[in-house]
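**Q** with the sequence up front, the predicted model follows.
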Amino acid sequence: MSDLARQLFGTDAPPKRLALIVDLDDTVCTSFACPLRAALDVLARLHRQKVDVHYVTARTDASRRGTEDFLAEYRLPGYRNVHYCPNWKSSRRHKAEVHATLAREYRVIASIGDTDEEEGEASRLAGVPFVLVDRDNPFAAWAALADLIRAAEGFIVEERA
Ligand SMILES: [Mg+2]
């Protein structure tokens, strides 16, 4: 821990792990299991020892098998961290609650998704930076996210120096 971090957080605060919050549909894939190249490029390059990926989705448990198959097929990180929406809960409330929980447990680099009123609002409520995916050009958002990841990973390296 650096002197600055010690000043800010005290010596007893364990450093939080880094995380990304990622929406699935129209963010990582279209038509349920057709991957977006822009997402694959960034997620495949992620430093898996440093950054945990959490998928927060409106999909319910009924989609578990297909979702796990998709993540495995494209070797995407975080297949154990898929937060399915309970049948009785609105996706908006589900996303808000999971974003809030993850923001307490992790230093969340950013949340990325294509629906501002769902994951965008959830991010703002949780104090997490949000990157909005333009469905016509997902590359721009994923490039912006890649910059945030590089900055966050660099910060961790500096802390340990
Ligand atoms: Mg979506």
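**A** Structure received. Residues are numbered from 1 along each chain as shown.
**Q** sec struct for the most centrally placed residue in the chain, please.
**A** Centroid-nearest residue in the chain, with Cα atoms, centre = their mean: I21, separated by 1.6 Å. Classification of I21 by DSSP: H, G, I helix; E, B strand; the rest coil places it in strand.
**Q** tell me the bridge partners for it.
**A** For I21, the beta-bridge assignment (DSSP bridges) gives partners H54, S111.
**Q** now it: how far from Y84?
**A** I21 is 14 Å from Y84, where distance means Cβ to Cβ, to the nearest Å. Where C-beta positions appear, they are placed from N, C-alpha and C, glycine not excepted.
**Q** where do the strands of this protein begin and end?
**A** 18-22, 29-30, 34-35, 51-56, 82-83, 107-113, 130-132 (DSSP state E).
**Q** and the fifth one, average pLDDT?
**A** Pointing back at strand 82-83 there. If you average the pLDDT over strand 82-83, you get 98.
**Q** again, but for the fourth one
**A** Throughout strand 51-56, pLDDT has a mean value of 97.
**Q** how about residues contacting it?
**A** By Cβ atoms under 8 Å, 6 or more residues apart in numbering, the surrounding residues in contact with strand 51-56 are 17-24, 28, 43, 46, 67, 71, 76-78, 81-83, 94-95, 98-99, 102, 106, 109, 111, 119, 122, 149, 152-153.
**Q** which among those end up buried?
**A** 18-24, 28, 43, 46, 67, 71, 76-78, 81-83, 94-95, 98-99, 102, 106, 109, 111, 119, 122, 149, 152 (16 or more other Cβ atoms under 10 Å).
**Q** intersect those residues with the contacts of the ion.
**A** Restricting the buried ones among the contacts of strand 51-56 to those near the ion by Cβ under 5 Å from the ion leaves D23.
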